[in-house]
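*Asks:* Give me coordinates for this.
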Amino acid sequence: MTFGHPFLVYSLWLMSPIMLGAVAVRMAREGARREFPMFFNYCVYYAGTITGLLLVQYFGKYVHYFYAYWATNAVGALFGIAVIYEVFTSAFRSLHGLRHLGALAFKWIAVLCIFGAVLLGLSNQPVHGRVLLSSVLNIERTVRFMQIGLLLMLFTASKQIGMSTRSRAFGIALGFGVNASVTMFISMLAEKSLTHVFLLSVLNSLVYVLSMSIWATYFFLPALKESPVILPVTSPLVRWNEAALAFGHSGGRVFYANDAEPFIPHVERLVDRVFDKEMPH
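*Replies:* Numbers count the residues shown, from 1 in each chain. Take a look at the predicted model:
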């Protein structure tokens, strides 16, 4: 390895497993891994994966690095979806109905998005290597959209659902959202060839280091004490949560006769008949 551009890129890459490992160790020591097990697994997985890829790139052949990189990215994208699900359920922990209904919808949406991304990759790229690359790229784009959407949702609805921006769940979403936003912008520049590839690579690595810095900040600071969520009776979330709790549960039944006469007009006619009988002619 020579000093210069390659040294800068490798230095940024080496910071990633170190910072992810530090976050994972911190979570294990204070018990936060029980609260966010999928994010803990994500940190451990990428700390080991990035280290392994660096060794393969330095000592192995390019073809080995190519398949290892895209295969590990595919697994990493699945980890990203699992972490999004984990943050979502944590954000709605007090609203059990909305959490259950949202989690059910999220699972179906995630499965359909992954299935669609793989089908798109198979239909557009007949070459085996390009099928893998195209499918993983489509899945990664889908995951980034979901990460950005999750962050925007938490920004706009954090007060309504009683979630503080200082909570660790919000910090995880913030790190992913920042990285996803800039990465998608970098991808757009790369496709249009608007700037040098090396600069894009350095920027991409810097943004990922920034995301890990956000996670480290949230997890090395003392955990925020969660307070109970207090919602006004008139809040739409209360009604939506009650409706979501009733979703899928069969309650009592009401019989409606199609040819039955409306109740109020029927009563009015009965009263008129009684008065007609009692009134002298």
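*Asks:* what ranges do the strands span in the stretch 51-200 of the chain?
*Replies:* Listed in chain order, the strands of the stretch 51-200 of the chain (DSSP state E, counting those that start in this stretch) amount to none at all.
*Asks:* Can you pull out the low-pLDDT segments for it?
*Replies:* 94, 96-98, 121-132, 191-198 (pLDDT under 70).
*Asks:* Please, where are all the helices along it?
*Replies:* 62-91, 96-124, 128-157, 168-192, 197-220 (DSSP state H, counting those that start in this stretch).
*Asks:* In the shortest one, which residues are buried?
*Replies:* Across helix 197-220, burial judged by 16 or more other Cβ atoms under 10 Å covers 200-201, 203-205, 207-209, 211-212, 214-216, 218-219. C-beta coordinates here come from the backbone N, C-alpha and C atoms, glycine included.
*Asks:* C-alpha coordinates for that helix, PDB please?
*Replies:* Taking C-alpha atoms only, helix 197-220 is exported to PDB below (Å, rounded to 0.1, in the frame of the first residue of the first chain):
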ATOM      1  CA  VAL A 197     -14.800   8.300  -8.900                       C
ATOM      2  CA  PHE A 198     -12.200   8.700  -6.200                       C
ATOM      3  CA  LEU A 199     -13.900  11.800  -4.800                       C
ATOM      4  CA  LEU A 200     -17.200   9.900  -4.700                       C
ATOM      5  CA  SER A 201     -15.500   7.000  -2.900                       C
ATOM      6  CA  VAL A 202     -14.000   9.200  -0.300                       C
ATOM      7  CA  LEU A 203     -17.300  11.100   0.200                       C
ATOM      8  CA  ASN A 204     -19.100   7.800   0.600                       C
ATOM      9  CA  SER A 205     -16.700   6.600   3.200                       C
ATOM     10  CA  LEU A 206     -16.800   9.900   5.100                       C
ATOM     11  CA  VAL A 207     -20.600   9.800   5.300                       C
ATOM     12  CA  TYR A 208     -20.500   6.300   6.600                       C
ATOM     13  CA  VAL A 209     -18.000   7.300   9.300                       C
ATOM     14  CA  LEU A 210     -20.300  10.200  10.100                       C
ATOM     15  CA  SER A 211     -23.200   7.800  10.500                       C
ATOM     16  CA  MET A 212     -21.200   5.600  12.900                       C
ATOM     17  CA  SER A 213     -20.200   8.700  14.800                       C
ATOM     18  CA  ILE A 214     -23.900   9.500  15.300                       C
ATOM     19  CA  TRP A 215     -24.500   5.900  16.600                       C
ATOM     20  CA  ALA A 216     -21.400   6.100  18.900                       C
ATOM     21  CA  THR A 217     -22.600   9.400  20.300                       C
ATOM     22  CA  TYR A 218     -26.100   8.100  21.100                       C
ATOM     23  CA  PHE A 219     -24.800   4.900  22.700                       C
ATOM     24  CA  PHE A 220     -21.900   6.300  24.600                       C
END
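*Asks:* what angle separates it from helix 168-192?
*Replies:* With axes from the mean of the first three to the mean of the last three Cα atoms, to 10 degrees as the basis, helix 197-220 and helix 168-192 are set at 180 degrees to each other.
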